[in-house]
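Asks: All I have is the shape, not the residue letters:
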């Protein structure tokens, strides 16, 4: 878990370690929790400000406030970024690596990139005042992705999807192939009759994707063959939705089972020596909250493990009696 | 208490259940038919009578429930009012209350808006959910996966805001009426995500691409939501089976199946809605295990 600290520690590196603990949230305590809540609420306030700012009346009435708020948030986010880069050298401390390993890992992680790109454009604008404001606003909107750091369930979901990536990519492949095939076909069949809606294959692709996602692609076919093609496309849309749903469901179920297995293993390990210390109990509790398992589930697992153990002991006793 | 709560399955409590269900269904049909002007004009008196008598009936039911739920906990566990309180503030108790109360409100304050009153009358249909255990299962399954649902909702929120803002940046100048501000585009984004097809056609190339991506995101969101529900249901089912199996093993372990044990198992089977076949296969499996051990 925690690395063994070399005994003489300078105050600076102690501070750095503390900063890391607070920002990373690896050690759950009040300070890191408060920091999380503060940053998350600032991000939410920022997003609301961007949305409100786009309403012309509100923008004109409170322009100065918005500007000050943006300035203040940029200062906070810049401090956060700098502190993170500075303190993440602690991540691989004690493994003999240079402090830049942890830093590099943070800077090029998705979170690091989001942190960077949601803050830096502000400074760019100071240097080059001629930049398009809309682009700038778009970058500011990236701040919303900072929130995903605090949503652990989302990480789980992404992980589940990643583990079923093969099925996903084959579904996407199917979609791509049928997109190419069907849009070329509709272009060949209906291109002459409706030159304004199917003037080219890319335009036909637009129609195809619309049909896939909405079930109706904006255009009614005029030839018989075209009608059949449209119907087949619509059926394909339903099939595709079913495939995606099935894959997600499987991935999710598999993940839940995996978690239960991990937890069960942990429980077995704890119960193996017959003594449950406070520390072990707490570790189990942390795992339970991390996996979002209900008390009921945990109880069922514990009961099962206990029952198995009792059976084993009974068998051993019988063996001993026989021997 | 036993008749109204229906915890042990008796004939009488069955009848009461059927009676209440029938009255609720008649009431709801009456509210729907009443909203047709011609029928309302023709049978006004009848509807009025019906409403009066059903309110009397529901009031009686409510009072009896409050009175009898005092017997839920033994005196040493908190006394009569604990059970009553637990009923009054349960979702069912609140529905029972609010489905009946408006009538009296109307009697005392005749100036109230009739439409609100009608909506509250429709609440009576929720009384039926008490008898629908599958609904409770559904709520439980969703509750067990609430974290996953939360993150799906979070994903939905993020994608709505991001696609709305992108659309605003892309088309705000060209179509100021529809995309003039982000709140306006949010309306468009939600329509596109839910139905795949926005209320406004994009005019720029960038807008078209954003619209297509948003629609595709909608398909993905539906898949994620459906997937989570399916998985939650499957997990819950296997958990229930496990619980039943544990109970069954316990009963079979001592070799004797008493009457009371049999009844308890039967009730559990009913509650978990396991088929006889599944139970039989569990018993078979147990017997086979025993033989191999012997």
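Replies: Great, that's in hand. All values reported here derive from a predicted model rather than from experimental measurement. Numbers count the residues shown, from 1 in each chain, chains lettered A, B, ... in the order given.

Asks: where's residue A:34, which helix or strand?
Replies: Here residue A:34 is covered by helix A:30-53, with elements defined by DSSP states H and E.

Asks: Okay, buried residues for that helix please.
Replies: Of the residues in helix A:30-53, those with enough neighbours to count as buried (16 or more other CB atoms under 10 Å in any protein chain shown) are A:32, A:35-36, A:39, A:42-43, A:46-47, A:49-51, A:53. Every C-beta, even on glycine, is put in place using the N, C-alpha and C of the backbone.

Asks: Pull the contacting residues for residue 189.
Replies: The chain I'm using is chain A. Applying CB atoms under 8 Å, 6 or more residues apart in numbering or on different chains, one finds that residue A:189 lies in contact with A:223, A:225-226, A:229.

Asks: please go with chain B instead
Replies: The contact partners of residue B:189, by CB under 8 Å, 6+ apart, come to B:160-161, B:163-164, B:167, B:198, B:214.

Asks: of these, buried ones?
Replies: Buried among the contacts of residue B:189 by 16+ other CB under 10 Å: B:160-161, B:163-164, B:167, B:198, B:214.

Asks: Next step: those restricted to helices.
Replies: Helix and strand membership here follows DSSP state H; of these, those in helices are B:160-161, B:163-164, B:167, B:214.

Asks: what sits against the closest residue in space to residue B:58 that isn't next to it in sequence?
Replies: If you skip the residues right next to it in sequence, residue B:58 has residue B:100 as its closest partner in space, 4.5 Å away by CB to CB, 6 or more residues apart in numbering or on different chains. With contacts defined as CB under 8 Å, 6+ apart, residue B:100 is in contact with B:55, B:58-59, B:62.

Asks: would you list those in CSV and tack on pLDDT?
Replies: Shown next, in CSV, are the contacts of residue B:100 (pLDDT from 0 to 100):
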residue, pLDDT
B:55, 85
B:58, 86
B:59, 87
B:62, 85
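
Asks: and of those residues, the nearest to residue A:277?
Replies: residue B:62 (52.3 Å; CB to CB).

Asks: What strand or helix carries that closest one?
Replies: Assignment of secondary structure by DSSP H and E places residue B:62 within helix B:44-68.

Asks: and whichever helix or strand comes after that helix, which residues are buried?
Replies: Sequence-wise, the next helix or strand beyond helix B:44-68 is helix B:80-88, with elements assigned using DSSP H and E. For helix B:80-88, burial by neighbour count (16+ other CB under 10 Å) applies to B:82-84, B:87-88.

Asks: of those, list those near chain A.
Replies: Near chain A, judged by CB under 8 Å from any CB of the partner chain, there are no entries from the buried residues of helix B:80-88.

Asks: and which of those is nearest chain A?
Replies: residue B:82 (22.6 Å; CB to the nearest CB).

Asks: Near chain B, which residues of the stretch 101-250 of chain A are found?
Replies: Near chain B, the residues belonging to the stretch 101-250 of chain A are A:134, A:137-138, A:141, A:144-145, A:147-148, A:151, A:153-154, A:156-157, A:206, A:209-210, A:212-216, A:240-241, A:244-250 when assessed by CB under 8 Å from any CB.

Asks: Out of those, which end up buried?
Replies: In these, burial by neighbour count holds for A:137-138, A:141, A:144-145, A:147-148, A:151, A:153-154, A:156-157, A:206, A:209-210, A:212-214, A:240-241, A:244-250, counting by 16+ other CB under 10 Å.

Asks: Just the ones in helices from the residues you listed, please.
Replies: Taking DSSP H, the ones among these that sit in helices are A:137-138, A:141, A:153-154, A:156-157, A:206, A:209-210, A:212-214, A:240-241, A:244-250.
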